[in-house]
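Participant: Below: sequence and its predicted model.
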Amino acid sequence: MLDTAVTRHVAPEWDERVFATHSAPHFMQSRTWAHIRDGGPWAVGTVELGTATDLPALVFEREAPGAGRLRHIPRLTGVTAEGVPGLTERVRATRGDAFATKIEIYQLRDPRLEAAFADAGWLPTRASQYRFAVVADLSEGADAALARMKKRARAEIRVGERNGVEIERLDVGGPGTEEMLALVRATEERSGAFFRRDDYLRSVWSGFAADDRGHLYLARYDGRVVAGAFVVRYGRRAWYKDGGSSREFPNLMASRLVQWRIIQDLADEGVLEYDLGHVPPPAAEQSSDRGILTFKIAFAPVIEYQPAYLLPHAGSAEAWRTGEAAFLADYRAKTGDYWY
């Protein structure tokens, strides 16, 4: 059960409060995300984490086998080193029967903030969200973003245009949704990348689309779908949420052209930053995701987000912290799904 200090209902004005108080509002702190996740295995509520300043946050709770109830606060922003002690007090005061609280900060890695969390009793833990990403600056418009791209990206965009690849922006729920799911599964089979189940993806896409915060893009060549992406927008930021491509016609540069059309649309809509999502740590010598890194860094440099932290509330917290990776791997092997 969510603690009585946590509000179960997410008020209609929630997003306005997040936009006013979070430094880089993330869609995982949106009313839309709360509605998408509500009714699933995670109980959803809101909590007030600010002391000197207002800091509303969505909180998610789920029973962790053998440990108890885990609280999770994903992609929080607006946190300062000076505010960590007060935030920690609020987390402890509203913890209910949770054995621990995991928090993931959607801010650039900052040694001062790391030290503040350590001093307040938070421990490093496994992140459930990506730590390294590529974020394109759209604040000066699409042409400026294009000029900042690597020469390779600009050349591949022109190749896609010369090849006659056509990009469509489609409504979720129509035939395009099933075409996009087919691309996702083809990519999963080819690359070994993990994607959530079809019903989960449909729920996420339709939830954001219903709030006019999500759009589907498909690239066609000679009538065939060859690449696609689903993009989430929240306030003046956007994210490359899901994507896929066909193994046919690899030289069309369709995926590059899809992203260029997305960047153009987002810039026209006043979006300031476009997060293209996960990349492996640049220093990693061996990674199955090196192709993703090569593709995305042509748009913008890699950035690193703050590590994840765990605040223990009970004795079972340490066993969970050290054993979480093994539990998640076992859960995925048994269910084919991701626990978070």
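Facilitator: Noted; the coordinates are in hand.

Participant: contact partners of whichever helix or strand G160 is part of?
Facilitator: Applying DSSP states H and E as the criterion places G160 in helix 151-162. Identification of contacts with helix 151-162 by CB atoms under 8 Å, 6 or more residues apart in numbering yields 146, 219, 251-254, 256-257, 260, 298-299. Heads up, the C-betas are built off the backbone N, CA and C, glycines and all.

Participant: nearest to S316, of those residues?
Facilitator: Looking at the contacts of helix 151-162 and their distance to S316, the nearest is F299, at 42.7 Å (CB to CB).

Participant: Could you pull out the buried residues of the helix holding G160?
Facilitator: Counting neighbours by 16 or more other CB atoms under 10 Å, one finds that the buried residues in helix 151-162 are 153-154, 156-157, 159-160.

Participant: from those, which is closest to R90?
Facilitator: Proximity of the buried residues of helix 151-162 to R90 (CB to CB) peaks at A153, which lies at 43.6 Å.

Participant: Can I get stretch 84-100 in CSV? Just the C-alpha atoms.
Facilitator: Backbone C-alpha positions of stretch 84-100 (Å, rounded to 0.1, in the frame of the first residue of the first chain) are rendered in CSV as follows:
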residue,chain,number,x,y,z
VAL,A,84,19.4,16.7,-0.9
PRO,A,85,19.2,16.6,2.9
GLY,A,86,15.6,18.0,2.8
LEU,A,87,14.6,15.6,0.0
THR,A,88,16.0,12.7,2.0
GLU,A,89,14.0,13.7,5.1
ARG,A,90,10.9,13.8,3.0
VAL,A,91,11.6,10.4,1.5
ARG,A,92,12.1,8.9,4.9
ALA,A,93,8.9,10.6,6.3
THR,A,94,6.8,9.2,3.5
ARG,A,95,8.3,5.8,3.1
GLY,A,96,5.4,3.8,4.5
ASP,A,97,6.3,0.1,4.6
ALA,A,98,8.9,0.3,1.8
PHE,A,99,12.2,-1.4,2.5
ALA,A,100,14.0,1.0,0.3
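
Participant: buried ones in that stretch?
Facilitator: Neighbour-count burial for stretch 84-100 flags 84, 86-88, 90-91, 94-96, 98-100 (criterion: 16+ other CB under 10 Å).

Participant: Averaged pLDDT, the biggest helix by length in the chain. What do you get?
Facilitator: Taking DSSP state H as the assignment, the helix of the chain that covers the most residues is helix 316-335. The average pLDDT within helix 316-335 is 97.

Participant: The strand ranked longest in the chain packs against which elements?
Facilitator: Of all the segments assigned as strand in the chain under DSSP state E, the longest by residue count is strand 224-234. For strand 224-234, the elements it packs on are helix 175-191, helix 198-210, strand 214-221, strand 237-245, helix 254-268, judged by 3 or more CB pairs under 8 Å, 6 or more residues apart in numbering; DSSP states H and E.

Participant: all strands of the stretch 51-200 of the chain, in order?
Facilitator: 56-64, 68-76, 98-105, 123-125, 132-137, 166-170 (DSSP state E, counting those that start in this stretch).

Participant: a markdown table for those, including distance to W14 and mean pLDDT?
Facilitator: Compiled in a markdown table, these are given as follows (distance: least, CB to CB, whole Å; pLDDT from 0 to 100):
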| stretch | distance to W14 | mean pLDDT |
| --- | --- | --- |
| strand 56-64 | 7 | 98 |
| strand 68-76 | 14 | 98 |
| strand 98-105 | 19 | 98 |
| strand 123-125 | 27 | 98 |
| strand 132-137 | 25 | 98 |
| strand 166-170 | 27 | 97 |
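
Participant: Which of these sits closest to T21?
Facilitator: Between T21 and these, the shortest separation by CB to CB is 6.4 Å, and it involves strand 56-64.

Participant: Right, I'll call it a day here.
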